[in-house]
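# Pasting the sequence and the predicted model now:
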Amino acid sequence: MSSSAAQEVKNLTSTEGGSITLPDPVLTLGFLLYGKSNIAVVINSEIKLTEESFRNRVFWDKNTGLFTIIGLQRNDSGSYTVDSKTKGVLTSYRLTVYVMSSSAAQEVKNLTSTEGGSITLPDPILKLGFLLYGGSNIAVVMNSEISVLEESFRNRVFWDKNTGLFTIRGLQRNDSGIYSIDSKPEGVKKYQLTVYEPVPEPGVNRSSVSAESCTLLCFVKKSEATTLSWYRGEEILNQSRTAASLPLTVHKHNFSSSYRCEAANPAENKSFLVNPTVSCSENISDRSTSESSRPTSWLFIIPMVVFLSVAVLLVIWMCFKKEGEKE
C-alpha cells in the first residue's frame, strides 16, 4: 500500500460496552475484515459471520448497507476494513476502544422491580439499535423489527414499535445487573436493574390493652430488604429496617385517628389499615386484627345447628305419628 493510500485510514473511537457503526456501506456483496481476518461476508444481500468472537455482535443493515459492532471490549481495538465489491471500494479504519470514564459511569440509571414482575426501560429505540445485558447483546431492532438473540430472554423481552420501548417480563433474581440501550444515532443509555423478592403481606396483632392505651404489633414474614413502618395519616411514628415485627402504643385519646402498618422494599410496598377503636376493644381476643375484624363464623353456625335440630325432631315426630295412626 502506498503512503498516500495509507493516509486514507479513518480513525474511529468508542468506549467499552458501547458500539460503533462503520460509515461506508456494502450494498449487496462485500466483506468486513479485522486485521487480515475476514469476520463477516455479505452475499446476495444476506450477512454471514465467519468469526465466532463477533457472533451476536456484528450486524449489517440491508437498507443502509452499514456494519455495526456492539458490546465493544478493549481488545476490539485495531484495524477494520470494509471491502465493497459492488462499488469496488476498500475502506480502512483504525478503531480505538477506551475505558469508560468515572464521570460517564455516573450516568447509569437505577431501576427496581420484583420477582415475577416486569420492567420497561425508559429510553426508546425507534428504528435501529440494541439491548445489551452486561456485555452480551440480547436483542436487536433493525428495520423496525425485533430479534431476540439470547435464549434465556426469549418470550420475555418485548419491543413496542409505537413507543420504541423495551419491556422485560417474568423477572428473576438473576436478572439483576447492567442493561444498555444502544440507539442509533442517539447513543448508549445504561441502567442498573435490581430485582427484589416480593414484599410479604403485613399483619397486625394486639399485644396488650389497658384503660388508657393499647399496644399493637405489626409483623411480617421476614424478606430481604423489607422495612416495617407505622403511620398515622402520613406521619411516620415508628420504623425498622431489620426487625420482623414492630410495636406501636396508641393512647385512648388517639383511638379515632387512622393508622396503617406498611411493609416496603425499594421496589414495592404493602399496607394494612388499623382502626384502634375496633382493634383495641376489650371484647376482641388477642389475635390478628385481620382475622378479628371479620365477622366470626360461629354467629352463623349456631342458628343453623338449631334449625337443623328442630327439623330432625319434627321428622321423627311425624314418623311416630304415622305409625300410631296405622295401629
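Sure thing, it's come through.
# can we go C-alpha only for contacts and neighbour counts from here?
OK.
# can you tell me which helix or strand Val312 belongs to?
For Val312, the host element (DSSP states H and E) is helix 298-326.
# same check, this time on Ala263
Here Ala263 is assigned to strand 259-264, by DSSP H and E.
# same question, Val195
Using DSSP H and E, Val195 sits within strand 187-196.
# Name the strands paired with that strand and say parallel or antiparallel.
Paired strands of strand 187-196, with direction, are strand 109-114 (parallel), strand 177-183 (antiparallel) (DSSP bridges).
# For Leu237, which of those strands is the nearest?
Using CA to CA as the measure, strand 109-114 is the one of the strands paired with strand 187-196 that comes nearest Leu237, at 26.5 Å.
# By mean pLDDT, point me to the weakest helix or strand of this structure.
helix 289-292 (a mean of 40; mean pLDDT, DSSP states H and E).
# ok, back up a step: of the strands paired with strand 187-196, which is nearest Ser84?
strand 177-183 (25.4 Å).
# Let me see the residues that make contact with the closest one.
Residues outside strand 177-183 that contact it (CA atoms under 8 Å, 6 or more residues apart in numbering): 18-19, 123-126, 128-134, 188-194.
# What of stretch 159-172?
Identification of contacts with stretch 159-172 by CA under 8 Å, 6+ apart yields 113-127, 144-146, 156-158, 195.
# What of stretch 8-18?
For stretch 8-18, contacts defined as CA under 8 Å, 6+ apart pick out 20, 70-74, 91-100, 134-135, 182, 188.
# Kindly report the same for stretch 84-98.
8-16, 24-31, 72-83.
# which residues in the stretch 1-150 of the chain form strands?
Taking DSSP state E, counting those that start in this stretch as the test, the strands found in the stretch 1-150 of the chain are 10-15, 20-21, 30-34, 37-43, 46-49, 58-60, 67-69, 78-84, 89-98, 109-114, 119-120, 129-133, 136-142, 145-148.
# any chance of those strands in TSV, plus distance to Ala225, mean pLDDT and mean neighbour count?
Shown next, in TSV, are the strands of the stretch 1-150 of the chain (distance: least, CA to CA, whole Å; pLDDT from 0 to 100; neighbours: other CA atoms under 10 Å):
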stretch	distance to Ala225	mean pLDDT	mean neighbour count
strand 10-15	34	88	15
strand 20-21	40	90	18
strand 30-34	48	94	21
strand 37-43	47	93	18
strand 46-49	45	91	17
strand 58-60	40	92	22
strand 67-69	39	92	19
strand 78-84	46	93	20
strand 89-98	36	90	17
strand 109-114	12	94	18
strand 119-120	19	97	16
strand 129-133	24	91	24
strand 136-142	29	89	21
strand 145-148	33	90	17
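# of the ones you listed, which approaches Lys270 most closely?
So among the strands of the stretch 1-150 of the chain, strand 109-114 is nearest, using CA to CA, at 13.0 Å.
# outside of the closest one, which residues touch it?
So strand 109-114 is contacted by 119, 171-172, 190-198, 266-268 (CA under 8 Å, 6+ apart).
# Cross-check the contact I'm expecting between Ile146 and Leu131.
No - judged on CA atoms under 8 Å, Ile146 makes no contact with Leu131 at a distance of 10.2 Å.
# any common contacting residues for those two?
Ala139, Val140.
# Okay, now the unreliable bits of the chain?
For the chain, the stretches with pLDDT under 70 are 1-7, 100-106, 223, 282-303, 305-306, 317, 320-327.
# Can you give me the first-to-last residue distance of stretch 247-265?
19 Å (CA to CA, to the nearest Å).
# swap in stretch 181-190?
End-to-end span of stretch 181-190 (CA to CA): 6 Å.
# ok, now stretch 264-281?
One end of stretch 264-281 sits 28 Å from the other (CA to CA).
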